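>>> fold the stuff below for me.
(one chain, ligands or ions: 2)
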Amino acid sequence: MANPLYDRLLASHAGKTTPFLYLQDGQEVTFDGFLKQAARFAHALTNAGLVPGDRLVAQVQKSPEALALYAACVQAGIVFLPLNTAYTVSELTYFIDDSGAAMIVADASSEAAIAPIAASLKAHFETLNADGTGSLPDQAKTMSATFPTVDRAADDLAALLYTSGTTGRSKGAMLTQTNLLSNADVLVDYWQFSADDVLLHALPIFHTHGLFVATNVMLAVGGSMIFLPKFDLDALIDSLPRATAMMGVPTFYTRLLDDTRFARKLVEHMRLFVSGSAPLLAETHRQFEQRTGHRILERYGMTETNMNTSNPYDAERRAGTVGFPLPGIDLRIVDAETGRALGQGDVGQIEVRGPNVFKGYWRMPEKTAEEFRSDGFFITGDLGTIDKDGYVHIVGRNKDLIISGGYNIYPKEIELVLDAQPGVLESAVIGVPHADFGETVVGLIVPKADETLDLEAIATATAQALAKFKQPRRLILVDELPRNAMGKVQKNVLREAYNDLSL
Ligand code: MLC
Ligand code: AMP
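Numbering: from 1, shown residues only. Ligands and ions are numbered 1, 2, ... in the order given. Here you go, the predicted model:
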């Protein structure tokens with residue numbers, strides 16, 4: 001037996017003293033240093049009693065140590081479960097409970113809030129702070145810098161990534177060693193990454209894009225990363241001259257284009273700009289080319305599937321499309337109701353199948369069964385069409401989802417919070433266009449008869465329950481919600497009505 005992910009992405013870097021991570025303060029982390037940190041963490045985790053297959057929740061700021069914690073989990077066969085640092089304690093409690101996590105690692109500033117929850121759910125609690133200090137690194141310090149890598153089968157879980165469900169509750173997408181590895185290998189080839197690449201990394205590392213697409217690809221080739229703690233326009237402009245490639249959500253590109261320092265000279269040496277996680281406007285694609293001479297390479301993926309399609313590296317990168325199915329991945333457009341395959345040019349639901357597609361939702365066999373066809377295709381909930389040249393276009397979503405700055409927001413989750421407020425009869429949450437985030441959240445509220453609503457109190461209650469990025473930017477009182485003959489709220493009608501709120 002072996003550990004395919006560790007063997008392929010990490011093992012070969014042992015002893016390499018070249019830089020893996022360039023940090024904002026000028027420091028560097030070598031490959032060897034990174035591997036040693038991971039090994040020490042792996043000892044600390046197993047000393048605490050964690051065994052292969054256990055889940056570790058990490059709600060930590062982006063840092064080299066946070067990334068090493070991921071590598072430690074891979075090496076020790078522990079399932080890595082990263083969480084958005086913006087999640088509130090009530091959101092976090094659900095993830096800890098649902099996953100049955102054996103350990104929670106979080107910033108020391110959250111200890112007072114999280115440690116009691118961890119204790120009540122019989123999970124260990126350790127700290128890891130943005131500067132790399134904390135109880136976990138303290139324990140790791142004294143540990144050996146080599147760790148006997150734990151055997152894992154190709155089908156064993158490597159990560160559990162929660163993705164919000166239409167029912168308002170998140171589901172854990174079970175990602176296997178093969179899911180992650182197959183996608184990393186395909187992307188390395190497709191995007192022609194090599195050890196000479198320096199990737200500008202400003203994405204969070206708690207999602208597929210920053211953790212798997214960016215990091216796994218760079219580990220697979222032994223390239224390095226300029227590892228910024230978060231998106232920061234000044235830091236990006238400073239770093240671009242040293243990078244060969246960048247990956248970002250569309251907001252990265254619109255923000256860069258809004259800055260006059262972002263000029264052709266700054267990036268003419270660069271090899272590749274990748275965009276994904278949300279639709280890149282064709283207009284942004286064109287503006288970017290005009291300004292820099294580069295064509296952004298847009299690709300399409302999901303938490304459940306990693307990357308499915310990509311524009312080509314060498315051939316035409318077509319604005320407004322997400323390119324072709326990646327090698328080894330089957331993609332079809334079907335009639336959502338009947339499952340019947342549609343022809344070229346027809347709009348339908350996108351379904352995918354391949355080694356990249358996840359194993360199912362954690363402890364939700366029924367939900368998993370609902371999302372797969374009997375021939376193994378996964379129903380993405382995205383609507384698309386394939387043009388005569390084979391390029392896939394995403395034209396909409398068959399799921400009630402808002403994507404704001406690359407973060408997914410499920411309206412149902414917010415509606416449940418709004419509906420629970422005193423005096424609220426019902427609510428509908430929609431996404432409206434937003435210049436910076438692509439879409440943003442608006443809540444429409446119908447009061448109970450003869451009730452006067454306190455919108456400020458409602459906003460305060462949502463702030464306590466939900467991460468900042470999910471909170472409606474505006475709450476609007478309405479007398480009623482438009483419904484179709486089946487009684488279903490017509491969100492398309494609402495989206496049209498509130499299309500130009502200019503938030
Ligand atoms: C931050 N805020 C957001 C937000 N991010 N609000 C809505 N949507 C977001 N995405 C809030 C902040 O809390 C802040 O609130 C205010 O908005 C302005 O903050 P900011 O400083 O402008 O935000 P910033 O920190 O710059 O973050 C914006 C961002 C970031 C776009 C850089 O959200 C980001 O890195 N997004 C990437 C998401 C990602 O990696 N997605 C991949 C998912 S994987 P206030 O009021 O306190 O000021 C996936 C699969 C695939 O989808 O295909 O890749
Ligand atoms: P997530 O669940 O966070 O992984 O988000 C996945 C969703 O993001 C997909 O189902 C799509 O709706 C959307 N998405 C990802 N990449 C793109 C893209 N390039 N264009 C349009 N939508 C995208």
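
>>> pLDDT score for the spatially most distant residue from the centre of the chain?
Ranked by distance from the centre of the chain (Cα atoms, centre = their mean), the top residue is Asp450, with 43.0 Å. With respect to pLDDT, Asp450 scores 92.

>>> how near is it to ligand 2?
Look at Asp450 and ligand 2: by Cβ to the nearest ligand atom, to the nearest Å, they are 41 Å apart. Bear in mind the C-beta positions are built from the backbone N, C-alpha and C, glycine included.

>>> for Val489, same thing?
With Cβ to the nearest ligand atom as the criterion, Val489 and ligand 2 are 21 Å apart.

>>> repeat that for Ala420.
25 Å.

>>> ok, the spatially most central residue of the chain - contacts?
Computing the C-alpha centroid of the chain and ranking residues by Cα atoms, centre = their mean puts His207 first, at 2.8 Å. If you count contacts by Cβ atoms under 8 Å, 6 or more residues apart in numbering, His207 has them with Pro82, Asn84, Leu161, Ser277, Thr303, Gly406.

>>> check Leu81 too.
Arg55, Leu56, Val57, Ala58, Phe95, Ser99, Ala101, Ala159, Leu160, Leu161, Tyr162, Gly172.

>>> just the residues you listed now: which is nearest Ser502?
Proximity of the contacts of Leu81 to Ser502 (Cβ to Cβ) peaks at Tyr162, which lies at 32.5 Å.

>>> which of the contacts of Leu81 lies closest to Thr215?
Closest to Thr215, out of all of these and judged by Cβ to Cβ, is Ala159, at 11.7 Å.

>>> does the closest one really touch Gly77, like I thought?
No - checked against Cβ atoms under 8 Å, the pair Ala159 and Gly77 is beyond contact range at 12.0 Å.

>>> looking at these two, which has the bigger crowd around it?
With neighbours defined as other Cβ atoms under 10 Å, Ala159 and Gly77 compare such that Ala159 has more, 27 against 24.

>>> which strand residues bridge the more buried one?
Legend: beta-bridge partners of Ala159 under DSSP bridges are Phe80, Leu175.

>>> as TSV, the contacts of His207 with distance to ligand 2 and secondary structure would be great.
What follows is the contacts of His207, written out as TSV (distance: Cβ to the nearest ligand atom, whole Å; DSSP: H, G, I helix; E, B strand; the rest coil):
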residue	distance to ligand 2	secondary structure
Pro82	13	strand
Asn84	11	coil
Leu161	8	strand
Ser277	5	coil
Thr303	3	coil
Gly406	8	coil
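
>>> now render those residues as TSV, adding pLDDT and neighbour count.
Converted to TSV, these look like this (pLDDT from 0 to 100; neighbours: other Cβ atoms under 10 Å):
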residue	pLDDT	neighbour count
Pro82	98	25
Asn84	97	17
Leu161	98	23
Ser277	97	27
Thr303	97	21
Gly406	97	23
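
>>> in JSON lines: those residues, plus distance to Leu200.
Listed next are those as JSON lines, based on distance: Cβ to Cβ, whole Å:
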{"residue": "Pro82", "distance to Leu200": "21"}
{"residue": "Asn84", "distance to Leu200": "21"}
{"residue": "Leu161", "distance to Leu200": "23"}
{"residue": "Ser277", "distance to Leu200": "16"}
{"residue": "Thr303", "distance to Leu200": "23"}
{"residue": "Gly406", "distance to Leu200": "16"}
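
>>> contact residues of the stretch 351-500 of the chain facing ligand 1?
Proximity of the stretch 351-500 of the chain to ligand 1 (Cβ under 6 Å from any ligand atom) is limited to residues Ser404, Gly405, Gly406, Tyr407, Phe437, Lys468, Phe469.

>>> closest to Thr368 out of those?
Relative to Thr368, the closest of these is Tyr407; by Cβ to Cβ it sits at 23.8 Å.

>>> make sure that closest one is actually in contact with Thr163.
No - counting by Cβ under 8 Å, Tyr407 does not reach Thr163; the two are 11.1 Å apart.

>>> secondary structure element holding Thr385?
Secondary structure assigned from DSSP states H and E places Thr385 in strand 378-386.

>>> what lies in contact with stretch 337-348?
With Cβ under 8 Å, 6+ apart as the test, stretch 337-348 has contacts from 332-336, 373, 383-388, 395.

>>> is it fair to say Met218 lies in a strand?
No - with DSSP: H, G, I helix; E, B strand; the rest coil as the criterion, Met218 is assigned helix and is not in a strand.

>>> that one reaches Phe193, doesn't it?
Yes - using Cβ under 8 Å, Met218 is in contact with Phe193, at 7.2 Å.

>>> compare neighbour counts for these two and give me the winner.
For Met218 and Phe193, the more surrounded residue by other Cβ under 10 Å is Met218, and the numbers stand at 26 against 23.

>>> give the contact list for that one.
By Cβ under 8 Å, 6+ apart, the residues touching Met218 are Phe193, Asp197, Leu199, His201, Ser224, Met225.

>>> now stretch 21-31, how far from the chain's geometric center?
Taking Cα atoms, centre = their mean, to the nearest Å, one finds the center of stretch 21-31 at 24 Å from the center of the full chain.

>>> over to it now: how far is its first residue from its last?
8 Å (Cα to Cα, to the nearest Å).

>>> list the buried ones in that stretch?
Residues Leu21, Tyr22, Leu23, Val29, Thr30, Phe31 are the ones in stretch 21-31 that count as buried (16 or more other Cβ atoms under 10 Å).

>>> and stretch 98-116, by the same measure?
98-99, 101-107, 110-111, 114-115.

>>> just the buried members of the residues of the stretch 351-500 of the chain next to ligand 1?
The neighbour-count test (16+ other Cβ under 10 Å) marks Ser404, Gly405, Gly406, Tyr407, Phe437, Phe469 as buried among these.

>>> which parts of the stretch 201-350 of the chain are strands?
For the stretch 201-350 of the chain, applying DSSP state E, counting those that start in this stretch gives strands covering 224-227, 245-248, 272-275, 297-302, 306-310, 324-325, 330-334, 348-353.

>>> could I get those as CSV with distance to Leu136 and mean neighbour count?
Formatted as CSV, the strands of the stretch 201-350 of the chain follow (distance: least, Cβ to Cβ, whole Å; neighbours: other Cβ atoms under 10 Å):
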stretch, distance to Leu136, mean neighbour count
strand 224-227, 19, 24
strand 245-248, 28, 26
strand 272-275, 32, 22
strand 297-302, 30, 24
strand 306-310, 28, 26
strand 324-325, 41, 21
strand 330-334, 41, 18
strand 348-353, 37, 24
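
>>> for ligand 2, find the nearest of the ones you listed.
strand 297-302 (4.0 Å; Cβ to the nearest ligand atom).

>>> residues from the stretch 251-400 of the chain in reach of ligand 2?
276-279, 298, 300-303, 322, 380, 382, 394, 397.

>>> just these: which has the poorest pLDDT?
Of all these, Arg397 carries the smallest pLDDT score, 90.

>>> point out where this structure drops to low pLDDT.
165-168 (pLDDT under 70).

>>> so which residues on it come close to ligand 1?
Listed as neighbours of ligand 1 in the chain under the rule Cβ under 6 Å from any ligand atom: 203-204, 207-210, 230-231, 249, 251, 276-277, 301-303, 404-407, 437, 468-469.

>>> returning to what we had before: restricted to helices, list the contacts of Leu81.
Cross-referencing the contacts of Leu81 against helices under DSSP state H gives Phe95, Ser99.

>>> quick check: of the contacts of Leu81, which lies closest to ligand 1?
Nearest to ligand 1 among these, counting by Cβ to the nearest ligand atom, is Leu161 at 8.5 Å.

>>> on that earlier part again, now render the contacts of stretch 337-348 as CSV, adding distance to Leu50.
Formatted as CSV, those follow (distance: Cβ to Cβ, whole Å):
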residue, distance to Leu50
Arg332, 41
Ile333, 43
Val334, 42
Asp335, 46
Ala336, 42
Arg373, 36
Leu383, 42
Gly384, 41
Thr385, 46
Ile386, 45
Asp387, 49
Lys388, 53
Val395, 45
